[in-house]
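Enquirer: sequence-free structure coming up:
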């Protein structure tokens with residue numbers, strides 16, 4: 001499915017440090033709720049600052065591995081919503097691992113799916 005391929009390509013690009021490839025998968029005014037950032041990221045300029053910070057933190061850790069869980073995708077014409085779990089692990093020197101629940105809202109523009117909003121949240125370990 002085109003949507004799953006698009007989503008996989010974003011995580012592959014992140015792991016390879018290819019921010020331009022990530023941006024190619026987003027509409028210009030895409031918004032992001034990132035798991036490590038408390039505020040909403042809006043538009044290209046804020047995303048550029050976020051990408052720089054995000055790549056810096058990634059490079060300060062060890063190797064990254066990730067696994068994309070099964071996608072649940074609903075499509076209504078030129079709009080779609082994808083929901084999935086992303087498991088990730090950074091190895092030493094700064095190890096960190098977790099699971100993230102993700103919701104992506106997509107739009108089909110000129111026959112191509114692009115992400116209009118990306119929302120991440122850590123999977124709870126249980127009741128607080």
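Expert: Okay, I see it. Here the structure is a predicted model, which means the values were calculated and not measured. Residues are numbered from 1 along each chain as shown.

Enquirer: Buried ones in the lowest-mean-pLDDT helix or strand in the chain, by neighbour count?
Expert: Each helix and strand of the chain was given a mean pLDDT (mean pLDDT, DSSP states H and E); the minimum falls on helix 43-59 at a mean of 85. Neighbour-count burial for helix 43-59, counted by 16 or more other Cβ atoms under 10 Å, picks out 47, 50-51, 54. All C-beta spots, glycine's among them, are computed from the backbone N, C-alpha and C.

Enquirer: By residue count, which strand of this protein is the longest?
Expert: Determined from DSSP state E, the single longest strand within the chain is strand 96-109.

Enquirer: and the least confident helix or strand of the chain, how far from the chain's centre?
Expert: 12 Å (Cα atoms, centre = their mean, to the nearest Å).

Enquirer: Compute the inter-axis angle for it and strand 96-109.
Expert: Taking axes from the mean of the first three to the mean of the last three Cα atoms, to 10 degrees, one finds helix 43-59 and strand 96-109 inclined to each other by 150 degrees.

Enquirer: Report all helices and strands that helix 43-59 contacts.
Expert: With contacts taken as 3 or more Cβ pairs under 8 Å, 6 or more residues apart in numbering; DSSP states H and E, helix 43-59 sits against helix 19-24, strand 26-33.

Enquirer: Mean pLDDT, mean neighbour count and distance to residue 97 for these - can I get that in a markdown table?
Expert: Formatted as a markdown table, those follow (pLDDT from 0 to 100; neighbours: other Cβ atoms under 10 Å; distance: least, Cβ to Cβ, whole Å):
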| stretch | mean pLDDT | mean neighbour count | distance to residue 97 |
| --- | --- | --- | --- |
| helix 19-24 | 90 | 15 | 22 |
| strand 26-33 | 96 | 16 | 21 |
